[in-house]
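Asker: heads up, no residue letters with this:
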């Protein structure tokens, strides 16, 4: 069963009443108008704690996990040809690797913790991941068009909320990358051969490497960057 098929179906009116005042409510309700066919919202009560991969369907979807979202496997939030999709998690998120892309928009009230990597792509289609708490991962790998935010309990995204090494595009207000994803010369001097294609970081290969427990960085590069950042 897909993640967005779990729980129980509710109405947008139910969501509005139950989560009135939630900072992401209006953002969630937008899915009614941003899709040719409005998704049927769902609520997963009490959170989830499993030992296998969890993934969403192609969409459109809109659901709330009322509690923590925990797995020792991977979390995959992606879409295929859907207008806009939304997920709110009212607790913490913990997983091995986390992947988001397409038009998947995911907001977490607690902390996000990945023992492996977090990978984001196709932000030009609306994909975004954010936490009102702290984000911790071995690495955060983004294409230049994909945003992410971490607020550490404050009103806006702050650098100290990212306890990870960031590969991403420059120019975002929400984060400052440790490695610029737009710089092709970073490849062979920064990353292990398993994640490179034509000398550049390939997010698909990086994901497969992470599934085997590998880091995208050369050991000496990772050690130096983590020391510089105090991780």
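Answerer: Ah, there it is. Treat the numbers as computed from the prediction; the structure is a model and nothing was measured. Numbers count the residues shown, from 1 in each chain.
Asker: quick check, residue 44 in a helix?
Answerer: No - according to DSSP: H, G, I helix; E, B strand; the rest coil, the state of residue 44 is strand, so it is not within a helix.
Asker: Model confidence for it, exactly?
Answerer: For residue 44, the model assigns a pLDDT of 98.
Asker: Around it, count how many other residues there are.
Answerer: 19 (other CB atoms under 10 Å). All C-beta spots, glycine's among them, are computed from the backbone N, C-alpha and C.
Asker: Bridge partners for it, pull those for me.
Answerer: residue 65 (DSSP bridges).
Asker: That one against residue 66, yeah?
Answerer: Yes - assessed by CB atoms under 8 Å, residue 44 is found in contact with residue 66 at 6.7 Å.
Asker: State the distance from residue 200 to residue 143.
Answerer: Separation of residue 200 from residue 143 (CB to CB, to the nearest Å) stands at 11 Å.
Asker: what about these two, which has more around it?
Answerer: The neighbour comparison of residue 200 against residue 143 (other CB under 10 Å) goes to residue 143, with 20 against 15.
Asker: Nearest residue to the more buried one in space, ignoring adjacent ones along the chain?
Answerer: residue 121 (4.7 Å; CB to CB, 6 or more residues apart in numbering).
Asker: Tell me where the model's unsure across this structure.
Answerer: By pLDDT under 70, the low-scoring segments of the chain are 82, 184-185.
Asker: just checking, residue 64 touches residue 44?
Answerer: Yes - using CB under 8 Å, residue 64 is in contact with residue 44, at 7.2 Å.
Asker: What is the burial count for the closest residue to residue 116 other than its chain neighbours?
Answerer: By the measure of CB to CB, 6+ apart, the closest residue to residue 116 outside its immediate chain neighbours is residue 97, 4.1 Å from it. By the measure other CB under 10 Å, the count of residues near residue 97 is 23.
Asker: what sits against residue 97?
Answerer: Counting by CB atoms under 8 Å, 6 or more residues apart in numbering, residue 97 makes contact with 74, 75, 114, 116, 117, 118, 119, 207, 210, 211.
Asker: who's the third one bridged to?
Answerer: It refers to residue 114. On the basis of DSSP bridges, residue 114 is bridged to residue 95.
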